[in-house]
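Peer 1: I'd like to go over a predicted model; first the sequence, then the structure.
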Amino acid sequence: MAESVRFSKTASVVSFVILLFHVVTSSTNTPVIVPADAGVGYSILKLDCDNSDLQLRTKDVFGDFYENFVMTESGDLVLRRPVSPLGGQSYQLTVLSHRNCYDNVPKKRTFDIRIRSTSEVFPQRLYTGYTGTTDILGSLVTHLSNIQVRPEPQQEFVLQGFYSDYFTILPSDFNDQIRVVLNKEFPTDFPKRAFYFTLLSKVGDEVRGHTGIEILRVENPNQKQTQSRSVSNNNPGSPRLTATFDQDLSNSASSHALRLRRQASATTSQQTVEVYEDSKGGAELFSVERSQVAGDNIRFEIRSSEPEDVFSIDVDTGKVSLKSNAKLDYDYGGVQQYVITVDVKRQDDGTVLHVVQITANILDRNDEPPRFITKPVPYLAVVASNAQAGVSVFRIEAEDVDGGPGAVKYYKENVGSSPYFEVDRDTGEIRTTEAITSGLDYVIKVYALDSKATVQQKTGPVDINIRRGQRPPQFYSSSYVASVEESNQADQTVTENRFQAFDVDGNPVAIEAKNFQSGGATRYSVYESLTAISTRFAVEEGKVKTLRTLDYESDQRTFDLTVRAEDTLSGFSSDVKLTVHLLDRNEFTPLFSKSTFTVTVDEDIPIGTSVIEVSASDKDGSTVLSYTVTDPTFSITTTGNGQKGVIKTNGTLDYDRKFPHYYEFKVIASDNGATPRTAEARVIVTTNNVNDQAPQFDDNKVATLMGNAEPGTTVIIVRAVDEDGDAVTYSFDGRIDIQF
């Protein structure tokens, strides 16, 4: 069994015990080690008194006391949940007994409960700390002032990594803690903001353990830890970072390090280069600056390339090339700057002599053709029946991200285009070339060209369909989707119920249509069938509006609707599909089928045996329930989409140790709402006695028998107790020790 503190039991006397937790620890207290891999139900401290003797009080200093620890009815302080995320933390436990249940004498004892690994030097895989940009020499690194370690004789700590000479490792106030301290001040213009190191624990040449160290330079270290980027020291670290630290460890023989006995570190330099985005894969781009490293016994290695690994290096010459399958792109969300770290190493033993941090700025090339951005699509327009020459009917627009101002020019394709229209080369405006006297529908084909490109770059032709006279409104999307939350509150007004719609590409948009009639207005109606106007939904200010309360539990969950846009002058209209999904609101609390669940079992049933099934329901239509129990002696498995939970034994039951002879605890049902609702019920598991305890004599007895004792004389009275409560009979085993 894992290590714990246990008091021996001598009598059954009622006692009153208060448990107080504090953050501060003291080396004079009794240490209690909890392994970081300890599971739920692990017994930390055994008092050997049942819960009728105990009272638990805490000010909940940490905010997580009740989440991590629980006092069972049998008087055990046990883990309520796994503590691997709490590695390195310490808690102080003070036990005050007003009337001690062992000898009826008040007592006070204090324990240091420390959660740490019993097999690893460092209980965590990654520690994150913060140092201020204005911190001075000797400043503690925030969050790295008490790194928990397993102390060993002749122990040495080694900090590996580039810029490790800016930090040093010092002992803490306790022999099982170390701290990271700023060893020298950073220059005011120092560009680097994040450092990644490997911290080794060594005894002689043997590596006994390692962990990752991440240090971030921020303006205010105390404020930084509250931001979303913050990584607390309870976080075991990302797989990428810990994998990097493991790789650093495997290369520790050739890596530079900062030890408690100082070593010289590699020199550093900065280099800035420019690379055009149209560089071909495999092309040589630039050479690493090596003026600070003399001699030929060197080789080059790329340590990192951020944000993408697209470069390779000649290990002998230091010439950097673009990988054969890589492509640079400045435009449309492409990467415009890379930071490449190159190690210059000694050829024979791999010692890092110099580190070059290269900033590669990507230069734009005019290599992107224009693209049309006008909405809606397809392109529709109207022209008056009596329009004269020079009348504007439409304007099309294209953008060119790398051509610069005025680069885009517009051209009409003569083949397939109506002669009645032309396009303005600079503005994209479509105008009539002469009076319109005949015809109904016309097409003009237009393309956009980058006039500043050295190689022709243009779009494909697009059609602008022009109708003589009138045409119905045109929606900006071919269909729309919206999600509406149910609401059954009596005092809710319809003006509060407007919901965002989304187009076919998933972009949030307004439900609206382009009106082609000069001076015309657009009226929107929502239909639930071909002729029936919806009494539940409308479109107002481009959003979906509910006209009455909706109930997820009784209404349909999806509504297939039609939105009609009508021009108020001409009466012309067009339709588009609108799908509305009704979302469930978590408005009901789960309800157990019983307030109390009871069962009777034998005390010797195996661990993992199912003892009782509980059930609960929730009126919210989309809810899935989950269950937990408050006694770590038991566990619960959720079945049937949360409709039922099966309670099983998670530990051994003991009829003899527990009085009264039952376990009483709570079962909690939680729904899966954004803010979960919970319900509780009682569970009583009564245990049957099984004859599993041997009788115990009070003590060894010695009797003196007078030589003239008559037969039938009482020599000695012996007494034995059976904790099972069974009757005890006595007999000789045939061995009698008589001394004269």
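Peer 2: Received, thanks.
Peer 1: where in the stretch 401-550 of the chain is pLDDT low?
Peer 2: Applying pLDDT under 70 to the stretch 401-550 of the chain picks out residues 488-497.
Peer 1: need the helices for it, in chain order.
Peer 2: Taking DSSP state H, counting those that start in this stretch, the stretch 401-550 of the chain contains no helices at all.
Peer 1: for residue 642, grab phi and psi.
Peer 2: Main-chain dihedrals, residue 642, degrees, to the nearest 10: phi 90, psi 0.
Peer 1: residues of stretch 554-570 that come out buried?
Peer 2: Across stretch 554-570, burial judged by 16 or more other CB atoms under 10 Å covers 559, 561, 563, 564, 565, 566, 567, 570. In short, each C-beta sits where N, CA and C put it, glycine included.
Peer 1: also stretch 208-219?
Peer 2: Neighbour-count burial for stretch 208-219 flags 208, 209, 210, 211, 212, 213, 214, 215, 216, 217, 218 (criterion: 16+ other CB under 10 Å).
Peer 1: follow-up on the earlier one: output the buried residues of stretch 554-570 as CSV; include the columns pLDDT, distance to residue 634 and secondary structure.
Peer 2: Formatted as CSV, those follow (pLDDT from 0 to 100; distance: CB to CB, whole Å; DSSP: H, G, I helix; E, B strand; the rest coil):
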residue, pLDDT, distance to residue 634, secondary structure
559, 93, 46, strand
561, 95, 51, strand
563, 96, 56, strand
564, 96, 61, strand
565, 95, 62, strand
566, 95, 66, strand
567, 93, 70, strand
570, 88, 74, coil
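Peer 1: need those residues in a markdown table (columns: distance to residue 146).
Peer 2: Shown next, in a markdown table, are the buried residues of stretch 554-570 (distance: CB to CB, whole Å):
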| residue | distance to residue 146 |
| --- | --- |
| 559 | 59 |
| 561 | 62 |
| 563 | 63 |
| 564 | 69 |
| 565 | 67 |
| 566 | 72 |
| 567 | 73 |
| 570 | 78 |
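Peer 1: from the residues you listed, which is closest to residue 653?
Peer 2: residue 559 (54.6 Å; CB to CB).
Peer 1: and the closest one, how far from residue 168?
Peer 2: 67 Å (CB to CB, to the nearest Å).
Peer 1: ok, residue 446 next?
Peer 2: From residue 446 over to residue 168 (counting by CB to CB), the distance is 69 Å.
Peer 1: so those two - more neighbours on which side?
Peer 2: Higher neighbour count among residue 446 and residue 168: residue 446, with 24 against 19, using other CB atoms under 10 Å.
Peer 1: quick check: the more buried one touching residue 462?
Peer 2: Yes. Using CB atoms under 8 Å, residue 446 makes contact with residue 462 at a distance of 6.0 Å.
Peer 1: need the residues touching each of those two.
Peer 2: residue 396 (CB atoms under 8 Å, 6 or more residues apart in numbering).
Peer 1: and the buried residues of stretch 208-219 as TSV, adding pLDDT, secondary structure and distance to residue 511?
Peer 2: Shown next, in TSV, are the buried residues of stretch 208-219 (pLDDT from 0 to 100; DSSP: H, G, I helix; E, B strand; the rest coil; distance: CB to CB, whole Å):
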residue	pLDDT	secondary structure	distance to residue 511
208	77	strand	66
209	78	strand	61
210	79	strand	58
211	82	strand	55
212	82	strand	51
213	87	strand	54
214	86	strand	48
215	88	strand	51
216	86	strand	46
217	85	strand	49
218	82	strand	45
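Peer 1: number of nearby residues for residue 654?
Peer 2: The burial count for residue 654: 17, using other CB under 10 Å.
Peer 1: pretty sure residue 79 sits against residue 45.
Peer 2: No. Counting by CB under 8 Å, residue 79 does not reach residue 45; the two are 11.1 Å apart.
Peer 1: before we move on, back to that, can you lay out the buried residues of stretch 208-219 as CSV showing distance to residue 153?
Peer 2: Below are the buried residues of stretch 208-219 laid out as CSV (distance: CB to CB, whole Å):
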residue, distance to residue 153
208, 11
209, 15
210, 19
211, 20
212, 25
213, 24
214, 29
215, 29
216, 34
217, 36
218, 38
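Peer 1: would you map the strands across the stretch 551-700 of the chain?
Peer 2: Along the stretch 551-700 of the chain, counting by DSSP state E, counting those that start in this stretch, strands occupy 558-567, 573-583, 591-592, 596-602, 610-617, 626-629, 634-639, 644-649, 662-670, 678-688, 696-697.
Peer 1: direction included, what does the second one pair against?
Peer 2: The pairing partners recorded for strand 573-583 under DSSP bridges are strand 479-485 (parallel), strand 558-567 (antiparallel).
Peer 1: okay, buried residues for that strand please.
Peer 2: Buried-residue list, strand 573-583, by 16+ other CB under 10 Å: 573, 574, 575, 576, 578, 580, 582.
Peer 1: can you show me the strands along the stretch 101-250 of the chain?
Peer 2: 107-115, 126-132, 147-148, 155-160, 167-171, 177-182, 194-203, 206-218.
Peer 1: turn these into TSV, columns for distance to residue 598.
Peer 2: Formatted as TSV, these follow (distance: least, CB to CB, whole Å):
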stretch	distance to residue 598
strand 107-115	35
strand 126-132	48
strand 147-148	45
strand 155-160	56
strand 167-171	57
strand 177-182	50
strand 194-203	53
strand 206-218	50
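Peer 1: pick the most deeply packed of the ones you listed.
Peer 2: Of all the strands of the stretch 101-250 of the chain, strand 147-148 has the most neighbours on average by mean count of other CB atoms under 10 Å, namely a mean of 24.
Peer 1: which helices and strands sit right next to it?
Peer 2: If you count contacts as 3 or more CB pairs under 8 Å, 6 or more residues apart in numbering; DSSP states H and E, strand 147-148 packs onto strand 177-182.
Peer 1: what sits up against the strand it packs on?
Peer 2: 129, 131, 135-141, 144-149, 157, 159, 166-172, 213, 215.
Peer 1: between that strand and strand 194-203, how many degrees?
Peer 2: Compare the direction of strand 177-182 with that of strand 194-203 by axes from the mean of the first three to the mean of the last three CA atoms, to 10 degrees and you get 140 degrees.
Peer 1: and strand 177-182, how far out from the chain middle?
Peer 2: Strand 177-182 sits 28 Å away from the centroid of its parent chain (CA atoms, centre = their mean, to the nearest Å).
Peer 1: could you pull up the mean pLDDT of that strand?
Peer 2: Across strand 177-182, pLDDT averages out at 89.
Peer 1: taking strand 167-171 as reference, get the angle to it.
Peer 2: If you take the same axes, to 10 degrees, strand 177-182 sits at 150 degrees to strand 167-171.
Peer 1: I'd say residue 669 and residue 677 touch.
Peer 2: No. Between residue 669 and residue 677 there is no contact, the gap being 9.1 Å when judged by CB under 8 Å.
Peer 1: any chance of the strands of the stretch 551-700 of the chain in JSON lines, with distance to residue 715 too?
Peer 2: Formatted as JSON lines, those follow (distance: least, CB to CB, whole Å):
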{"stretch": "strand 558-567", "distance to residue 715": "92"}
{"stretch": "strand 573-583", "distance to residue 715": "86"}
{"stretch": "strand 591-592", "distance to residue 715": "62"}
{"stretch": "strand 596-602", "distance to residue 715": "41"}
{"stretch": "strand 610-617", "distance to residue 715": "50"}
{"stretch": "strand 626-629", "distance to residue 715": "55"}
{"stretch": "strand 634-639", "distance to residue 715": "50"}
{"stretch": "strand 644-649", "distance to residue 715": "47"}
{"stretch": "strand 662-670", "distance to residue 715": "43"}
{"stretch": "strand 678-688", "distance to residue 715": "39"}
{"stretch": "strand 696-697", "distance to residue 715": "16"}
